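Asker: Test case, fold it:
(one chain, ligands or ions: 2)
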Amino acid sequence: MISVDEARAHLFDLVSPQDVETVALAQAAGRMLARDAVAMRDQPPFAASSMDGYAVKSAEVEQHAIFKIIGEAAAGNGFSGTVKPGQAVRIFTGAPMPDGADFVVIQEDTDRRDDLLTITEAPGAKSNVRPAGVDFGIGDRLTAPRRLSPSDVALLAAMNIPDVPVSRQPVVALISNGDELVMPGDTPGPDQIIASNTFGLKALFEDVGAQVRMLPIARDTTSSLTTALELASGTDLIITIGGASVGDHDLVEEVTGALGMERAFYKVRMRPGKPLMAGRLGKAAMIGLPGNPVSAMVCGHIFVVPLLRHMLGLANPLPEICTAPLTAPLPENGPRAHYMRATRTGDGIAAAGNQDSSLLRVLASSNALIVRPPGDPARDTGDTVDYIPL
Ligand SMILES: Nc1nc2c(c(=O)[nH]1)N[C@H]1C(S)=C(S)[C@@H](COP(=O)(O)OP(=O)(O)OC[C@H]3O[C@@H](n4cnc5c(N)ncnc54)[C@H](O)[C@@H]3O)O[C@H]1N2
Ligand code: MOO
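Answerer: Ligands and ions are numbered 1, 2, ... in the order given. Sure, this is the predicted structure:
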């Protein structure tokens, strides 16, 4: 059996970075920026007023000063003249500052009678002028790779970038297999349960930017699993769920072998998730996840999410490792790395009492996985442990 790090290295070797494609800005949210975006303009492109008021010369600003109003500057319609001593221009938020003016007195601090303006309150030192290019200037960059957030999309729009180079989304095929499985909403027979893993994994992988195709559940026959795997052709990553272990009805190894899978590894020194397998199947990478629901989800977090992030071009695709003090002791760990469902609170972190790999309720109420290396000795309350936030 190989270690988690070795398994991840093998997995990364099975894929290449995704091609770059161009998408319209309106479709860019959530996509991975593939090349730096470079601003082609300054923002704002001119010194602009940040308030509604009157543009004047700062040297003349004092309480009781009087000005003659000579015109108006609005957002989108600037004032073309020049402000001379003793003059003011009515100005609105976002309007270009008129030549000659470098201060905006907010209208609450003034009294206007026809064309005469009096400053009634002592204005503060703040000029209420945004310098040209204060947000960004020509040549400023939004650096790649980065997953584009709504704020990034707003910034790209302001930079006047209508088409965005992004990494093509990895297409993932998900194949649950087992005679016991039916889809949520179906009526299970007396020996059947609901296929939950497909849904949890789909959500997990879409959350990091993959496109997921949920294929029909394969039955426990070689022909059914073969058909499902054939339906997955053309995808970047084929993931089977269940049937990975040593039981008579665990067919993934046999069927993928018959289809010519070049196996990279089978079985990892970890818990849950030991019967993980991976290799290449045609042009796609293939991962066989264990069927136990928590094992499948933990392997999704530990292996598949980093693999997808790697395919999308991120330099640091691995899960973030944090540390926290234990609020309850832990027994000695066995020979496999253990990813323990746990709850992180303000006081520290505690593992759930029951770590059975079938318990989705425990997983759903956990917000962290404590990471225990193989052979980790017993730990006391207060000892620092590593964990991965979920
Ligand atoms: N003799 C041994 N038995 C087992 C070993 C072993 O080393 N020797 N390993 C155990 C471990 S660890 C795991 S994990 C499981 C994994 O087995 P499989 O990958 O073959 O999974 P299945 O047997 O098909 O299913 C296990 C369990 O999970 C349920 N399941 C499967 N798919 C789904 C799904 N899509 N949604 C919800 N639940 C699913 C399935 O009904 C079973 O209850 O093997 C141990 N056995
Ligand atoms: O190691 Mo299996 O993946 O616990 O249930």
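Asker: Show the end-to-end separation of stretch 342-361, please.
Answerer: 12 Å (Cα to Cα, to the nearest Å).
Asker: and that stretch, anywhere near ligand 2?
Answerer: Yes - judged by Cβ under 6 Å from any ligand atom, stretch 342-361 and ligand 2 are in contact via residue 357. The way it works is simple: take the backbone N, C-alpha and C, and place the C-beta from them, glycine included.
Asker: Give me the buried positions along that stretch.
Answerer: 342, 343, 344, 348, 349, 350, 351, 352, 355, 357, 359 (16 or more other Cβ atoms under 10 Å).
Asker: Any regions of the chain where pLDDT drops low?
Answerer: Within the chain, no stretch has pLDDT under 70.
Asker: How about the residues of it by ligand 1?
Answerer: Counting by Cβ under 6 Å from any ligand atom, the chain sits next to ligand 1 at 176, 178, 180-181, 193, 195-198, 241-247, 250, 272, 274-275, 290-293, 295, 357.
Asker: And those residues, which of them are buried?
Answerer: Of the residues of the chain next to ligand 1, these count as buried by 16+ other Cβ under 10 Å: 176, 178, 180-181, 195-198, 241-245, 250, 272, 274-275, 290-293, 295, 357.
Asker: Tell me which of the residues you listed fall in strands.
Answerer: Of these, the ones assigned to strands by DSSP state E are 176, 181, 241.
Asker: of all these, which comes closest to residue 189?
Answerer: residue 181 (10.7 Å; Cβ to Cβ).
Asker: what about the helices in the stretch 51-200 of the chain?
Answerer: 150-158, 197-207 (DSSP state H, counting those that start in this stretch).
Asker: Same list, those, but as TSV with distance to residue 381 please.
Answerer: Listed next are the helices of the stretch 51-200 of the chain as TSV, based on distance: least, Cβ to Cβ, whole Å:
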stretch	distance to residue 381
helix 150-158	41
helix 197-207	32
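Asker: tell me the most buried of those helices?
Answerer: helix 197-207 (a mean of 18; mean count of other Cβ atoms under 10 Å).
Asker: Mind giving me the packing neighbours of it?
Answerer: Packing partners of helix 197-207 (3 or more Cβ pairs under 8 Å, 6 or more residues apart in numbering; DSSP states H and E): strand 171-176, strand 211-214, strand 237-241, helix 293-299, helix 305-311.
Asker: Please identify the buried residues of the shortest one?
Answerer: For strand 211-214, a neighbour-count test (16+ other Cβ under 10 Å) marks 212, 213, 214 as buried.
Asker: On the three-state scheme, residue 385 is what?
Answerer: Per DSSP: H, G, I helix; E, B strand; the rest coil, the secondary structure class of residue 385 is strand.
Asker: can you pull up the bridge partners for the nearest residue to it once chain neighbours are set aside?
Answerer: The shortest distance from residue 385 to any non-neighbouring residue, by Cβ to Cβ, 6 or more residues apart in numbering, is to residue 370 (5.4 Å). According to DSSP bridges, the residues that bridge with residue 370 are residue 340, residue 387.
Asker: Appreciated, that's everything.
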